[in-house]
Each structure stands twice: as structure tokens, then as C-alpha cells.
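Asks: Sequence and computational prediction follow.
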Amino acid sequence: MKYLIYAITIMSLNISSILFDFNKNADLKNWAIINDAVMGGKSEGNFSLNKDGHGVFEGFISLKNNGGFSMLRYVFKKKALQKYSKIRLKFKGDGKTYQFRIKSNSTDYYSYTTSFSTSGAWQEIEISLKDMAPSFRGRKLDQPNFPGDHMEEIAFLIGNKKQESFQLLMDTIELF
């Protein structure tokens, strides 16, 4: 009995939920690109699956017309987060810095954000949900960090204030 309780305890500590698994059959219909064209910019981002089934967020950032960003957004059915405290991203970047964003409600004007650097190799990072800070148009807001109750949107954004091409390959996005 003691071993059964121990096994159940260990299993409960490793509860995870795949938010998105990129593979050759992945459905990308709820993913969308938002470029700085919404503000008059000229940046171009694209999203597709490559031959290996990885999500590919790529394009070119332009600073023309006050531009400078491209964002890949995924909206999904509201996900309760009481069982989860972190999100794990598995990706391969291009040596550039990206921003990861979440929203409790897709209609909120602000996001909770954190930045991560890429190395050019496959990486796996863990992000504590409670450490994600509220932000709007690049400015930190004077309100509490992510409350952790639920979410219904995630996004990846590149906007390093320089003209550059970019490519981020994605494998899995997982809550745990």
C-alpha cells in the first residue's frame, strides 16, 4: 500500500497536458499571423508545417513605416490551469530573442509576457506561469503577474528593434 501511495503521488506531480503537438497531420487553422501592417509597417511573417511536421514561424522584420514586429497567435478553447504551474516549449531558433505571450481571455487588450533566447539548436525551456508579467505594446503594466486560473491564447512575437530575417521551428507546447 505504501508503494501504491508513493506511485500515485509521483504521477500526480507529473501531470501534463499537450497544448499543441506539431506533426505532419497538425491542424493549423487556429493559428494566425499578425504583422506590424496593422500599424502601417512592412514586416512579413509566415507560418507552415515543414516536411518533418514542425511548425515554422519565419519571415522578415522591417522597420519601415514605424514597423518592427511579427506575431504568431494561437487561440483555443478556454483551458483551466489549476493543475499546472509551468509551460514547456520545445523549439529550434535562429539565435534571436523571441517573446512568448499568454492571455487569460483572447479579448484582453494586454498579454502576459516573457522573453527567451534561441541558440540555433533544439532547446526545451520551462516558463513559470506566475512569473509572466502583464504588458501592452511593449510596456509593462502596473498590475499583478499572470493569475494562473485559465488561458485561451498563446503567441510568439519577434520584435528586436532591428531589420532582420527570422525562423523559429516548433515541436511541442505543453502545460505541466
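Replies: Nice, I can see it.
Asks: Find the residue closest to residue 120 in space, skipping its chain neighbours.
Replies: residue 95 (5.0 Å; CB to CB, 6 or more residues apart in numbering). The way it works is simple: take the backbone N, C-alpha and C, and place the C-beta from them, glycine included.
Asks: pretty sure that neighbour is touching residue 158, no?
Replies: No: counting by CB atoms under 8 Å, residue 95 stays clear of residue 158, with 11.9 Å between them.
Asks: Could you check which of the two is surrounded by more residues?
Replies: For the pair residue 95 and residue 158, the greater number of neighbours falls to residue 158 (25 against 10), based on other CB atoms under 10 Å.
Asks: gap between the more buried one and residue 78?
Replies: 27 Å (CB to CB, to the nearest Å).
Asks: so what's the residue nearest to residue 120 up against?
Replies: 117-120 (CB atoms under 8 Å, 6 or more residues apart in numbering).
Asks: Who wins on neighbours among those residues?
Replies: residue 118 (20 neighbours).
Asks: and the gap between the nearest residue to that residue once chain neighbours are set aside and residue 64?
Replies: Counting by CB to CB, 6+ apart, residue 93 is the residue found nearest to residue 118 once chain neighbours are left out, at 2.1 Å. Per CB to CB, residue 93 is found 24 Å from residue 64.
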